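S.K.: This is a predicted model, with the sequence first.
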Amino acid sequence: MNIVFLSGKGGTGKTTVSTNIAYINGFNYIDCDVEEPNGHIFLKPEYKEVVQSGILNPVIDEEKCTLCNACVENCQFGTLANTGKKILIFNELCHGCGTCSISCNFNAIQEVKRNVGKIEIGTYEKGKFMRGVLNLKEPLAVPLIKDVKELIVAHETNIIDAPPGSSCTVVETLEDGDYAVLVTEPSAFGLSDLKQVVTVLKQMAIPFGVIINRGDNNNSIITDYLNKEKIDLIGMIPYSMKAAQLYSKGTLLIKDPELNEVFVDLSQKIMHRVMTNGKN
Amino acid sequence: MNTGESIVVISGKGGTGKTTITASLAHLMSKDVVKADCDVDASNLGIILNGETKLENDYYGAKVARINEVKCLDCGQCEAVCRYNAIELKNGKYSVRPLKCEGCNACVVKCPNNAIQLLDEKTGKIQVKETSKGKLVTSVMIPGAEGSGKLVTEVRKTGKQYGIDFLIDGSPGVGCSVMASVTGTNYSIIVTEPTQSGYEDLIRVYEIVKHFNSKALLIINKYDINEEMTNQIEKAAKEIGIQMLGRIPFDPVVNEAVNGLNAIVEYRESRASKALINIYEQLKEEIS
């Protein structure tokens, strides 16, 4: 069972909500925000294992290569270039698709794994913890997210923290998601970015609901939209300076009795929806 | 400016205030500076700067495979060769899942009956807006699209038709969109917040800024939420060679500004506005 937490806009509280919900229930926590994974700050895991993640890059056997150019012509990402004397390879552009090796009629291309990041696996106080960390200067996060997802144990309950935005990294994180929680904030920015992820979720046919974080007297900017689109509002976390301060120190918000109540209530509402496939 | 300078505003961590700060800098800078919204996943600068759309072009930044059902022999070799799980068998027929397809061409090359074609896929729209603060180049990304880095590059390329100085709103993270936003800039303003997450993400994104030889300048937003952390970040920044541009206090006027679709500096008397004006003065000094 995979419950994915996402937001469109960054900094709306994905990690805050997902870590607290994971902790309350003792669920596995999986950080797929591999460019800037922050869940460890709150759950303070102990890592027991590190798995390297990589993508397959081409290596040319120059003895066999006839410079026929088929690999260069078929590659869609500009990874290969023919100088007339040899085939040059730009690894950072490679998507690891294997088109070059399929194209080669001379068996001159081998694919070798190149490291793009690591997956740290361990436990936190209440359950399993796993996170992907993208190597710096590595542009492509999707292959690493895919590797993280492959290590997920499907029959356990997994809280998955997604990257911000609404592009390919988010789509990869949502793959095999059973339910999604969208965390937003009551602002014009929050609304604009929420609409983008809603489109993705509808296309992928994943049931979802929305949590408004830092709720205040502007909530109607979000609730008007949700009502109009008949989108389920799971609940609201009121604005609180206390929450901001606890977050800044890397403390779970449920350590505060008042906020604990808010999150226990939210957790029950989320789990009810997960069990009923999105019904409230 | 008018010297061919490019400034990008980034953050590592999302939601630290990149866009609200960029909008205020846009208000303070000359109209000749071209504003470019390169946070293509969540492009919000246009919400504040508003303006009239003068030009809009579709952008085809990716490819997607399509199977011709008549020519398809149902052999399944495409499915076997696809590494993205983008080909599915439904009711005995193979078809492409567009959201999963990377447009890599492997299935096209493999198909024994030329039944698969790669088609250009629209990944977004590029828009040029005339605002009261000058030209804004922005985009509307199609949700779930591939290649947001390429869309960033297209936004910047379009901007070059309108001037030589650029103020760029970047995206969170450290991946392809961020790299495409930072490359070729002279200055990277990193906006962080005094939280453990903000701190760790700042350190990661600084490596990208350094890699592209852009000069790192730091703003700590909402600094008074945790002054101890603010001091710690400033100290670390100094040690690794990031220059401090200024601090901005937590100020409820920021929310009011965003929801009123205004820039913070339009609330002249607010604490946040005063801090931003000060930051702009520092920035001018740095550039001159």
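M.R.: Done, it's in. Numbering: from 1, shown residues only, chains lettered A, B, ... in the order given.

S.K.: tell me the SS of the closest residue to chain B within the stretch 101-250 of chain A?
M.R.: Proximity of the stretch 101-250 of chain A to chain B (CB to the nearest CB) peaks at residue A:165, 3.1 Å away. C-betas here are computed from N, CA, C, even on glycine. With DSSP: H, G, I helix; E, B strand; the rest coil as the basis, residue A:165 sits in coil.

S.K.: With adjacent residues omitted, what lies nearest to it?
M.R.: residue B:41 (3.1 Å; CB to CB, 6 or more residues apart in numbering or on different chains).

S.K.: Also residue A:84?
M.R.: In space, residue A:84 is closest to residue A:67, 7.3 Å off (CB to CB, 6+ apart).

S.K.: Surely the one you found touches residue A:82?
M.R.: Yes. Applying CB atoms under 8 Å, one finds residue A:67 in contact with residue A:82, separated by 6.2 Å.

S.K.: For the spatially most central residue of chain A, give its distance to residue A:169.
M.R.: The centroid of chain A falls nearest to residue A:162 when counting by CA atoms, centre = their mean (2.8 Å). Distance of residue A:162 to residue A:169, computed by CB to CB, to the nearest Å: 8 Å.

S.K.: what does residue B:208 give?
M.R.: 16 Å.

S.K.: Near chain B, which residues of the stretch 1-150 of chain A are found?
M.R.: Applying CB under 8 Å from any CB of the partner chain, we find that the stretch 1-150 of chain A lies next to chain B at A:8-12, A:15, A:35-36, A:38, A:41, A:74-77, A:95-99, A:102-103, A:134, A:136-141.

S.K.: List the ones among these that fall in strands.
M.R.: Secondary structure from DSSP state E places residue A:134 of these in strands.

S.K.: Now the buried members of the residues of the stretch 1-150 of chain A next to chain B.
M.R.: A:8-12, A:15, A:35-36, A:38, A:41, A:74-77, A:95-99, A:102-103, A:134, A:136, A:138-141 (16 or more other CB atoms under 10 Å in any protein chain shown).

S.K.: list the contacts for the residue most central in space within chain B?
M.R.: Nearest to the geometric centre of chain B sits residue B:39, at 2.2 Å (CA atoms, centre = their mean). By CB atoms under 8 Å, 6 or more residues apart in numbering or on different chains, residue B:39 lies in contact with B:18, B:19, B:45, B:169, B:170, B:171, B:172, B:177.

S.K.: Kindly list the main-chain dihedrals of the third one?
M.R.: Right, the one you point to is residue B:45. Dihedral angles of residue B:45 (phi, psi; degrees, to the nearest 10) stand at phi -60, psi -40.

S.K.: Show me the beta-bridge partners of the closest residue to it other than its chain neighbours.
M.R.: Spatial nearest neighbour of residue B:45, excluding adjacent residues (CB to CB, 6+ apart): residue B:37 at 4.1 Å. Beta bridges link residue B:37 to residue B:169, judged by DSSP bridges.

S.K.: now that we're looking at residue B:37, how far away is residue B:139 from it?
M.R.: Counting by CB to CB - residue B:37 and residue B:139 are separated by 7 Å.

S.K.: okay, and the common contacts of those two?
M.R.: B:43, B:155.

S.K.: So which bits of the stretch 51-200 of chain B are right by chain A?
M.R.: Contacts of the stretch 51-200 of chain B with chain A, taken as CB under 8 Å from any CB, map to B:63, B:81, B:83-85, B:99-100, B:102-106, B:109-110, B:118, B:141, B:143-149, B:171-179, B:193-197, B:200.
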